[in-house]
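Trainee: This is a predicted model, with the sequence first.
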Amino acid sequence: MELKGKTVLVTGSSRGIGKAIAFAFAKEGCNIILNASTSSDELVKAQEELKAMGYYSYSYLADVSSYQSCKEMFGTVNNIYGNVDILVNNAGIAHMGLFTEMNPEKWDEIINTNIKSVFNCTHLALPKMISSKSGTIINISSIWGERGASCEAVYSATKGAVNSFTKAMAKEVGPSGIRINAIASGVIDTKMNEWLNDEERAVLTDEIALMRFGKAEEIADLAVFLACDKSSFITGQIITMDGCMV
C-alpha cells in the first residue's frame, strides 16, 4: 500500500464519482478529507459510511468556488495533516438546455463551480507540494470538454478549460516533481443522470461500444492508479474513460 498515510482531499465527495474516489483512496490507507459545498447531510453520511468500514476521514463543508472558503479549508487541513499530498478536483455541476435560454447567472455558476474551484484548490495545494517536490493533482473532466455537447455548451467549455489548465500546469510544475492529469469521463451511472428516462438511457447506451454506463468505482480505480508510482511517468494527460462512446 504505497499510498498509505498520504493525505487526499477530494472536492465534491459527498456523493457520486467524488465519493467513490474518496472511498477508493481510503482503502489504500490514505487520510481522507471529504468536501461538499452544500450537501451537509450527505457529507456526514459518507463520513459515517467510511467509519463503519473502519476508515477515518475528516469532512469539511466549503464552497470551493470561493477562494476564501478554500483558503480556510486548506488552512484547517494543513494544521491537522501538514499538507495535501493528493488533490482531486472533482466538484462540478451540469446544466441541460439551449445556450440562448441561459442567463449570465447560470453560466457564472457553472464556470465558478467547474473551473474556478480547480484554480482555487490547485493554487492553495501547490506551495507545499512545490516545497516538498512531490504531489499529485487529478482533475475530473468530461469527454464533452474535448468533443462538445449540444445543450451543454457552458459545461463543455468549462471542461475544455480544465483540460487546457491540466496540460499547462503539468508543464509548469513538472520540474518540481508534481504530476497533474485529468480523467475525461463519459456517461457514468450516478445521480447526475437520474433524470434520464428509460428510452433516453437506451439511446445513450447504444452510443457506447461497451453497451453500458460506466461506474463511479471505475473512475475511482483510475484516479488511484494516477496517484501511485505505477503511473510515475504520466503527467499532462487527459485520459478518456467512456467505454468508447461513438
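Mentor: Received the coordinates, thanks. Numbers count the residues shown, from 1 in each chain.

Trainee: Let me see the ranges of the strands in this protein.
Mentor: For the chain, applying DSSP state E gives strands covering 7-10, 31-36, 57-61, 86-89, 135-142, 178-185, 238-241.

Trainee: Tabulate those strands (JSON lines), appending mean pLDDT and distance to Val203.
Mentor: Where you see a C-beta, it was placed from the backbone N, CA and C, and this is true even at glycine. Output for these, formatted as JSON lines (pLDDT from 0 to 100; distance: least, Cβ to Cβ, whole Å):
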{"stretch": "strand 7-10", "mean pLDDT": "98", "distance to Val203": "31"}
{"stretch": "strand 31-36", "mean pLDDT": "98", "distance to Val203": "31"}
{"stretch": "strand 57-61", "mean pLDDT": "96", "distance to Val203": "37"}
{"stretch": "strand 86-89", "mean pLDDT": "98", "distance to Val203": "30"}
{"stretch": "strand 135-142", "mean pLDDT": "98", "distance to Val203": "19"}
{"stretch": "strand 178-185", "mean pLDDT": "98", "distance to Val203": "19"}
{"stretch": "strand 238-241", "mean pLDDT": "98", "distance to Val203": "21"}
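
Trainee: Take these and lay them out in JSON lines including distance to Ala20 and mean neighbour count.
Mentor: Listed next are those as JSON lines, based on distance: least, Cβ to Cβ, whole Å; neighbours: other Cβ atoms under 10 Å:
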{"stretch": "strand 7-10", "distance to Ala20": "9", "mean neighbour count": "27"}
{"stretch": "strand 31-36", "distance to Ala20": "12", "mean neighbour count": "26"}
{"stretch": "strand 57-61", "distance to Ala20": "14", "mean neighbour count": "18"}
{"stretch": "strand 86-89", "distance to Ala20": "11", "mean neighbour count": "28"}
{"stretch": "strand 135-142", "distance to Ala20": "11", "mean neighbour count": "27"}
{"stretch": "strand 178-185", "distance to Ala20": "11", "mean neighbour count": "24"}
{"stretch": "strand 238-241", "distance to Ala20": "13", "mean neighbour count": "18"}
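
Trainee: In a markdown table, list those strands along with distance to Ala223.
Mentor: Shown next, in a markdown table, are the strands of the chain (distance: least, Cβ to Cβ, whole Å):
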| stretch | distance to Ala223 |
| --- | --- |
| strand 7-10 | 9 |
| strand 31-36 | 13 |
| strand 57-61 | 16 |
| strand 86-89 | 6 |
| strand 135-142 | 5 |
| strand 178-185 | 7 |
| strand 238-241 | 10 |
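
Trainee: I appreciate the help and will end here.
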